[in-house]
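# Sequence and predicted model, in that order:
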Amino acid sequence: MQRLTISLDDSIAEAIDVFMVAKGYSNRSEAIRDLVRDSLVRDKDAAPLTKECVAAVSYVYDYDGRDLAMRLDRAQHEHHDLTIASTRTRLDHRHCMEVTMLKGDTEAVRKLAETVIAERGVRFGQINLVPIRTDAHHHSHGDHGHSHTHSTPVL
């Protein structure tokens with residue numbers, strides 16, 4: 001870990017203190033670290049921080065809206081290599097909230113997530129993208145061993 005010294009305007013420092021209290025941070029370093037991390041990950045114009053990522057895409061949509069539910073399902077099916085899981089809950093007679101978990105190439109995941117959120121009838125869409133590093137592991141347990149990968153968050 002590196003230590004950085006920065007100078008901030010009084011108004012920014014005060015805003016960080018208000019943010020800390022509201023979010024339950026115990027010190028400025030933790031709050032600033034999370035704010036910077038969030039900004040770096042959310043910057044769509046920047047190069048991806050890692051080749052791979054995991055993401056949670058959440059959105060609310062009108063279930064009755066012009067075959068929207070079918071189009072959303074089709075998008076996930078067409079990208080089955082990126083889609084891990086999806087869950088939907090009905091909010092009322094017309095609206096659903098869906099959360100879809102994605103994993104794979106960062107640019108492909110971001111493109112799919114943005115395409116889903118941009119569908120006509122989708123509201124309140126949000127992407128929570130987490131850059132990851134994937135490492136292969138082999139564990140031995142007596143006569144039985146197994147191999148798998150770990151997806152370690154980066155940043």
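Received, thanks. Numbering: from 1, shown residues only.
# for this structure, longest strand please?
Assignment by DSSP state E gives strand 122-141 as the longest strand of the chain.
# Show me what the very next helix or strand once past it pairs with in its sheet, parallel or antiparallel.
Following strand 122-141 in sequence order, the next helix or strand is strand 144-153 (DSSP states H and E). Strand pairing for strand 144-153, determined by DSSP bridges: strand 122-141 (antiparallel).
# ok, which stretches of the protein are helices?
10-23, 28-42, 68-78, 106-118 (DSSP state H).
# for stretch 3-23, the distance to its chain's centre please.
Put simply, stretch 3-23 sits 25 Å off its chain's centre (CA atoms, centre = their mean, to the nearest Å).
# Could you give the bridge partners of residue 128?
When assigned by DSSP bridges, residue 128 has beta-bridge partners residue 56.
# Give me the contacts around stretch 105-124.
Contact with stretch 105-124 is made by 44, 48-53, 55, 57-62, 65-66, 68, 71-72, 75, 79, 82, 100, 102-103, 125-127, 129, 131, as judged by CB atoms under 8 Å, 6 or more residues apart in numbering. Using the backbone N, CA and C atoms, a C-beta is placed for each residue, glycine as well.
# That's all I had, so thanks and see you.
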